[in-house]
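Asker: Structural data only, the sequence is not supplied:
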């Protein structure tokens, strides 16, 4: 079964400095029909104006991934981490027992466009942690590249949950495939461009919940970008 969540159906908030779209309930947007999917709790698409950002705030007991599509995101946290996240980078922050952080557009001239993902951890009260890795275009072009996993397989960042996250840059005429183990589920998010999922066309910002399917076939075109979540 494949259930489509169209881009235009998402929650939206425009704060001037921040234009954000919420696939699932978040902040002032609440829809009891869309509270997350399996362990995937938040999937926000954010566009932040030059020089603006999220001031210092606190998180607990959440695995947070940031995936930059355009621009650069400056990160600071109470663990002493300071970094800039650019396209191809994946940031994982385990909030655990509590962490304070801020995220700002690193540019005074160009906006930053990124996806913010929250995944529920397997258990509460773990020690906070941070990890950032780069996955070059050539590793994602025409394939699904593992970027986050429970054990940090294949050089991915390590998340504290039975979830595997893949990033792909489809090429015109090339079909990507993924097999779901029985009992597993998936969420496909089209970050840009278009993609086909088992014959269903998806546009930028669209998502798809997948259950009781075995073989996933994803077609795309050059310039498209997708994230695939393999979930328990």
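Answerer: Sure, I can see it. Quick caveat: nothing in here was measured; it's all calculated off a predicted structure. Numbers count the residues shown, from 1 in each chain.

Asker: ok, residue 153 - contacts?
Answerer: When contacts are counted by Cβ atoms under 8 Å, 6 or more residues apart in numbering, residue 153 is found next to residue 146. Where C-beta positions appear, they are placed from N, C-alpha and C, glycine not excepted.

Asker: backbone phi and psi for it, please?
Answerer: Per-residue torsions, residue 153: phi -60, psi 150 (degrees, to the nearest 10).

Asker: so how many other residues sit close to residue 57?
Answerer: Residue 57 has 10 neighbours, counted by other Cβ atoms under 10 Å.

Asker: which residues in this protein form helices?
Answerer: Using DSSP state H, the helices of the chain run over residues 137-140.

Asker: So for it, the centremost residue is which one?
Answerer: residue 117 (4.3 Å; Cα atoms, centre = their mean).

Asker: Roughly how far does the nearest residue to that one once chain neighbours are set aside sit from residue 228?
Answerer: Nearest residue to residue 117, sequence neighbours excluded (Cβ to Cβ, 6 or more residues apart in numbering): residue 65, at 4.1 Å. According to Cβ to Cβ, to the nearest Å, residue 65 and residue 228 sit 13 Å apart.

Asker: And residue 105, by the same measure?
Answerer: Note on residue 105: its distance to residue 228, by Cβ to Cβ, is 27 Å.

Asker: Also residue 68?
Answerer: 18 Å.

Asker: what does residue 158 give?
Answerer: Residue 158 is 18 Å from residue 228, by Cβ to Cβ.

Asker: neighbour count winner among the two?
Answerer: Comparing residue 158 with residue 228 by other Cβ under 10 Å, the one with more neighbours is residue 228, at 24 against 16.

Asker: Please work out how many residues are found near residue 20.
Answerer: Residue 20 has 19 nearby residues by other Cβ under 10 Å.

Asker: do residue 19 as well
Answerer: If we define neighbours as other Cβ under 10 Å, then residue 19 has 16 of them.

Asker: now swap in the one 4 residues further on and tell me
Answerer: Here the count is done by other Cβ under 10 Å, and residue 23 has 25 residues near it.
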